[in-house]
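> Structure, please.
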Amino acid sequence: MPNRLPKKTNVIWEIDLAREGLGGIAANESFVVFGDRDFDDLHDVFYCLDAKTGRSIWQVERLSIAQFDYGNSPRATPLIVDGFCYCFGATGILLCIEMRTGRVVWERDFRLDFPITEELPWGHCGSPLIADGKLIVSPGNPDAAIVALNPNSGATIWQTTGRLPGYGSHCFAKIGGRGQIIGHDNTTLGGWDVETGERLWTIEPNAPGDFNVPTPVVHGDNLIVCTRNNGTRRFSFSGGFDQPKLVTQNKRLRPDMTTPVVAGHYLYCVRDFVYCLDISSGLDELWRMRAPALSDYASLFVSADRVMIVADGEILLFATDGTKRVIDRLKIFEKRAPIYSHPAIVGRRLYVRGVSKLRCIDLGSASEN
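Numbers count the residues shown, from 1 in each chain. The predicted structure follows:
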């Protein structure tokens, strides 16, 4: 995370895209991977680019016909682990691809393996997760709401009964010495034992109808959850891995989609404003700030001393000391437009997707700025 942003935008390379995308970008020092659609909107297309030059290394296509709200592009962020990439499309096609060659090692089609009869207006959205050596995904089938797969073969290790999937991603934490997968299904918040898939606890929200898009944040022995209808809540696991208890709530911060970040005692999130809440004093609102680049959604990055917000074509940089001050701003696209695809940062390079282009931007370093 840079201490300051460059004075002007330094685009190292950019490529044109077929469509506006929703799924996040995955990157390391060598590769950049993202999901897209073909021009006829009939196939999912997963691309791998050379991180240094933007040159195409491989692409993998799979027939995937759908009529989802907000388009049919993959929603999930690809997952790069140990020389392989796990790509998940909105219709439920899951691919394990060898990074170096683009060879498909294995694939699963949830429409065949774990079919559901109910409609998912936005499709499958949760990103694949590696937890305790298992690949965790959420088909949403009544007998396979969440499944753990062998990441090397795609074979099912366990599956657990439950509800339709939510529209966010799960996270993994060890609480009370027990590893658990934490996240939403379509109506509740829950935790599942990573070894067996057993559901450990369930929280029914007071207000129904949440989209359940933001990912829960584990902070020490606390769980912080933000949703549109139920606001921002802090639950405590101080009693171990049993049912967490609601400690405090902020009803004003109610994001549709933005996942919050935590730095020290402060929580930062975006919904039309930047919000800063004090975790140590009951999620009290320290401040909120309006800025022209802010709208319903933004992507947030955090380090020990900086919060970086990628908003509608612009970056905002804040300190994490609770002060209400923008340190720097940087335009990353010429026109203001929502950026729904979560960017990736590797070193000082930001890989960010706009409406029709994917750009690699040099964020510079403190010594250069």
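
> Mind jotting down where the helices sit in the stretch 51-200 of the chain?
110-113 (DSSP state H, counting those that start in this stretch).

> cool, the stretch 201-350 of the chain as well?
Ranges of helices within the stretch 201-350 of the chain: none, based on DSSP H, counting those that start in this stretch.

> Three-state assignment for Tyr47, please.
The local conformation at Tyr47, judged by DSSP: H, G, I helix; E, B strand; the rest coil, is strand.

> Pull the contacting residues for Thr202.
Applying CB atoms under 8 Å, 6 or more residues apart in numbering, we find Thr202 in contact with 188-190. Where you see a C-beta, it was placed from the backbone N, CA and C, and this is true even at glycine.

> for the residues you listed, which one is nearest Ser238?
Ranked by distance to Ser238 (CB to CB), those are led by Leu189 at 17.5 Å.

> What ranges does the stretch 201-350 of the chain have for its strands?
Under the criterion DSSP state E, counting those that start in this stretch, the stretch 201-350 of the chain contains strands at 217-219, 222-227, 231-236, 245-250, 261-263, 266-271, 273-278, 284-290, 299-302, 306-310, 314-319, 326-331, 344-346, 349-353.

> which one of these lies closest to Ser64?
strand 349-353 (19.2 Å).

> Can you name every helix or strand that the helix or strand following that closest one contacts?
Where DSSP states H and E defines the elements, the next helix or strand beyond strand 349-353 is strand 357-362. The helices and strands touching strand 357-362, judged by 3 or more CB pairs under 8 Å, 6 or more residues apart in numbering; DSSP states H and E, are strand 10-16, strand 31-37, strand 349-353.

> Throw those into CSV and include distance to Val81 and mean pLDDT, thanks.
What follows is the helices and strands packed on strand 357-362, written out as CSV (distance: least, CB to CB, whole Å; pLDDT from 0 to 100):
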stretch, distance to Val81, mean pLDDT
strand 10-16, 24, 97
strand 31-37, 12, 97
strand 349-353, 18, 97
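
> Same list (those strands) but as a markdown table, adding distance to Asp82 and mean neighbour count.
What follows is the helices and strands packed on strand 357-362, written out as a markdown table (distance: least, CB to CB, whole Å; neighbours: other CB atoms under 10 Å):
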| stretch | distance to Asp82 | mean neighbour count |
| --- | --- | --- |
| strand 10-16 | 27 | 13 |
| strand 31-37 | 13 | 24 |
| strand 349-353 | 21 | 23 |
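
> mind checking how far the closest residue to Pro260 other than its chain neighbours is from Phe211?
Excluding the flanking residues, the one nearest Pro260 by CB to CB, 6 or more residues apart in numbering is Cys269, at 3.8 Å. Cys269 sits at a distance of 15 Å from Phe211 (criterion: CB to CB, to the nearest Å).
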